[in-house]
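Enquirer: dropping a prediction and its sequence here:
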Amino acid sequence: MAFAELLDQVGSQGRFQVLQTVALVAPIMWVTMHNMLDNFSGAVPSHRCWVPLLDNSTAQASVPGTLSPEALLTISIPPGPNQEPHRCRRFRHPQWQLLDPNAMSTNWSKAATEPCMDGWVYDRSTFTSTIVTQWDLVCDSQGLKPMAQSIYMAGILVGAAMCGYTSDRWLAESARWLLITGRLARGLRELQRVADINRKRAAGEALTTEVLLSAMQEELGVGQAPASVGDLLRTPRLRHRTYPSVLCWFAIGFTFYGLALDLQALGSNIFLLQVLIGVVDIPAKTGTLLLLDRLGRRPTQSASLVLAGLCILANTVVPREMEALRSALAVLGLGGVGAAFTCVTIYSGELFPTVLRMTAVGLGQMAARGGAILGPLTRMLAVYSPLIPLLVYGAVPVLTGLASLLLPETRSLPLPDTIQDLQRPAVKKAAQGTQGHPVLKSTWF
């Protein structure tokens with residue numbers, strides 16, 4: 001009898017698993033909301049320099065005659081890159097000659113302008129107050145916003161590392177892991193607790209140390225030689241799986257948080273974009289689960305990353321005036337990233353043996369957090385060209401998707417328990433499963 005049969009006896013899909021899932025989902029939902037909150041609390045409204053003729057009633061009273069606000073804006077603020085009022089510069093002196101209808105052909109030098117020496121005026125029609133308007137995180141200080149987002153992501157990474165041990169106090173330990181590492185008494189108690197919660201107390205009471213030793217004889221023998229993170233890099237077969245897998249995790253974190261934390265760059269209506277991203281994410285991840293069983297893990301992983309990257313790259317050639325198309329491509333790109341995340345979560349667990357599975361997945365999640373830290377910082381390259389961040393966000397998933405083709409296919413193959421299992425031919429491993437199409441069962445317990 002193997003561990004999978006023990007798990008079936010105490011309940012592999014019952015109340016205990018449901019409670020564990022709820023305990024994990026509840027805090028994750030709160031973290032996700034905090035991650036996306038900066039799109040609204042840190043929104044950048046339209047803004048221009050503060051100038052006396054527009055924003056000081058005393059200065060306006062000194063102007064002879066009556067001029068409209070549009071005329072005062074023309075003589076006070078130079079046009080920006082899109083022929084809109086410049087957001088970061090103002091005329092050093094009022095340019096009265098621009099009131100001439102033929103003045104559009106007049107050239108003015110940079111010497112006639114200056115930075116916003118007296119602050120900014122913000123459009124508060126949509127957002128009455130944000131951290132940007134409160135601390136003037138615009139123009140020369142606009143890089144502070146992505147830097148703050150990056151620091152926030154770094155805090156999540158550090159917090160996950162520091163609080164990981166704390167979570168063991170209220171989340172159940174993996175019974176299989178406890179047994180493999182030789183802690184039979186604790187493993188037995190965990191299995192009996194699972195049986196009790198799943199209302200299979202009789203099956204739990206029938207479990208004894210002798211039964212566990214008989215069922216886990218091979219795994220306990222392997223458990224005497226503990227594996228470490230170094231094995232992921234020293235062993236050739238593991239190394240060839242580790243590098244592409246970690247790269248996939250990194251690309252997902254880098255691309256998603258680089259784009260999702262700056263929805264204003266993808267469209268003007270960030271409320272609609274946020275809703276669309278959530279709506280698309282559900283069928284994208286659900287469809288991925290279906291494709292994993294039909295197309296396989298490797299092609300699904302590669303296709304989702306490449307599709308996401310191509311959608312993002314397409315936005316570099318779409319004119320900004322075609323806002324609906326740009327928003328649609330952005331939503332599809334983020335949907336592809338969500339699909340890639342679903343795939344890599346399942347795929348990574350199947351690529352590595354039981355003795356290193358959580359270590360490898362943890363390494364991948366750290367890589368994703370590292371990507372989430374670098375993602376917002378990449379937006380600072382927009383000072384050289386607004387297309388550079390999109391080019392980087394699109395190129396990384398495309399190249400990573402191609403690199404993921406180096407990974408072996410794991411569909412319908414039994415999960416490896418030991419490093420030695422990876423040395424065996426895949427055909428032989430498949431033959432050890434059920435005939436025809438083997439069914440995998442992956443569980444935390």
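Expert: Perfect, I can see it now.

Enquirer: can we go C-alpha only for contacts and neighbour counts from here?
Expert: Noted.

Enquirer: so T410, which state does it fall into?
Expert: Following DSSP: H, G, I helix; E, B strand; the rest coil, T410 is assigned to coil.

Enquirer: and for it, the neighbour number?
Expert: Residues lying near T410 (other Cα atoms under 10 Å) number 19.

Enquirer: hang on, it packs against L351?
Expert: Yes. Counting by Cα atoms under 8 Å, T410 touches L351, with 6.9 Å between them.

Enquirer: so what sits against both of these two?
Expert: In terms of Cα atoms under 8 Å, 6 or more residues apart in numbering, T410 and L351 are not both contacted by any residue.

Enquirer: how about stretch 393-412, which residues are buried there?
Expert: By 16 or more other Cα atoms under 10 Å, the buried positions in stretch 393-412 come out as 393-405, 407, 409-412.

Enquirer: what's the end-to-end length of it?
Expert: The separation between the terminal residues of stretch 393-412, taken as Cα to Cα, to the nearest Å, is 33 Å.

Enquirer: pLDDT weak spots in the stretch 51-200 of the chain?
Expert: Residue ranges of the stretch 51-200 of the chain with pLDDT under 70: 64-65, 101-111, 164-168, 170-174, 176-177, 179-182.

Enquirer: now do 80
Expert: 56-67, 81-83, 98-111, 160-190, 192 (pLDDT under 80).

Enquirer: can you give me the strands for it?
Expert: Taking DSSP state E, counting those that start in this stretch as the criterion, the stretch 51-200 of the chain carries its strands at 89-91, 113-115, 120-122.

Enquirer: the first one packs against which elements?
Expert: Under the contact criterion of 3 or more Cα pairs under 8 Å, 6 or more residues apart in numbering; DSSP states H and E, strand 89-91 touches strand 47-49, helix 69-76, strand 113-115.

Enquirer: what's next to that strand, contact-wise?
Expert: Strand 89-91 is contacted from outside by R48, C49, V51, I75, S76, I77, P78, A112, T113, E114, P115, C116, using Cα under 8 Å, 6+ apart.

Enquirer: do the same with the last one
Expert: With Cα under 8 Å, 6+ apart as the contact definition, strand 120-122 has outside contacts at P45, S46, H47, R48, C49, W50, T133, D136.

Enquirer: try 10 Å this time
Expert: 44-51, 54-55, 87-89, 128-129, 132-133, 136, 138-139 (Cα atoms under 10 Å, 6 or more residues apart in numbering).

Enquirer: restricted to helices, list those residues.
Expert: Within the contacts of strand 120-122, residues falling in helices by DSSP state H are L54, D55, V132, T133.

Enquirer: could you identify the most distant pair in those?
Expert: For those, with distances taken as Cα to Cα, the pair at the greatest spread is L54 and V132 (21.7 Å).

Enquirer: in this structure L184 contacts S214, no?
Expert: No. The pair L184 and S214 fails to qualify as a contact (Cα atoms under 10 Å) at a distance of 11.9 Å.

Enquirer: which parts of the stretch 251-400 of the chain are helices?
Expert: 270-294, 297-314, 323-351, 354-378, 387-403 (DSSP state H, counting those that start in this stretch).

Enquirer: count the neighbours of the closest residue to I77 other than its chain neighbours for me.
Expert: Using Cα to Cα, 6 or more residues apart in numbering and skipping the chain neighbours, the partner closest in space to I77 is R90 (4.6 Å). R90 has 25 neighbours, counted by other Cα under 10 Å.

Enquirer: scan the ones in helices among the contacts of strand 120-122 and report the most crowded one.
Expert: T133 (21 neighbours).

Enquirer: distance of the closest residue to it other than its chain neighbours from D140?
Expert: Closest residue to T133 apart from its sequence neighbours, by Cα to Cα, 6+ apart: Y122 at 7.1 Å. The gap separating Y122 from D140 is 16 Å, by Cα to Cα.

Enquirer: please say which of these two ends up with more neighbours.
Expert: Shown here are Y122 and D140; by other Cα under 10 Å, Y122 has more neighbours (20 against 11).

Enquirer: how much space separates the more buried one from L144?
Expert: Y122 is 18 Å from L144, by Cα to Cα.

Enquirer: one more: L178?
Expert: If you go by Cα to Cα, the gap between L178 and L144 works out to 46 Å.

Enquirer: show me which of these two is the more surrounded one.
Expert: A side-by-side neighbour count of L178 and L144, using other Cα under 10 Å, places L178 first with 19 against 16.

Enquirer: thinking the more buried one is in contact with T354, fair?
Expert: No. Here L178 lies out of contact with T354, judged by Cα under 10 Å, at a distance of 11.7 Å.

Enquirer: re the thing from before, would you mind finding the most buried of the helices and strands packed on strand 89-91?
Expert: Sort these by mean neighbour count, taking mean count of other Cα atoms under 10 Å, and strand 47-49 sits at the top with a mean of 22.

Enquirer: contacts only, for the spatially closest residue to R357 that is not a sequence neighbour.
Expert: Leaving aside its sequence neighbours, R357 sits nearest to G349 (Cα to Cα, 6+ apart; 5.9 Å). Applying Cα under 10 Å, 6+ apart to G349 gives the contacts L356, R357, M358, A360, V361, T410, L415, P416, S442, T443.
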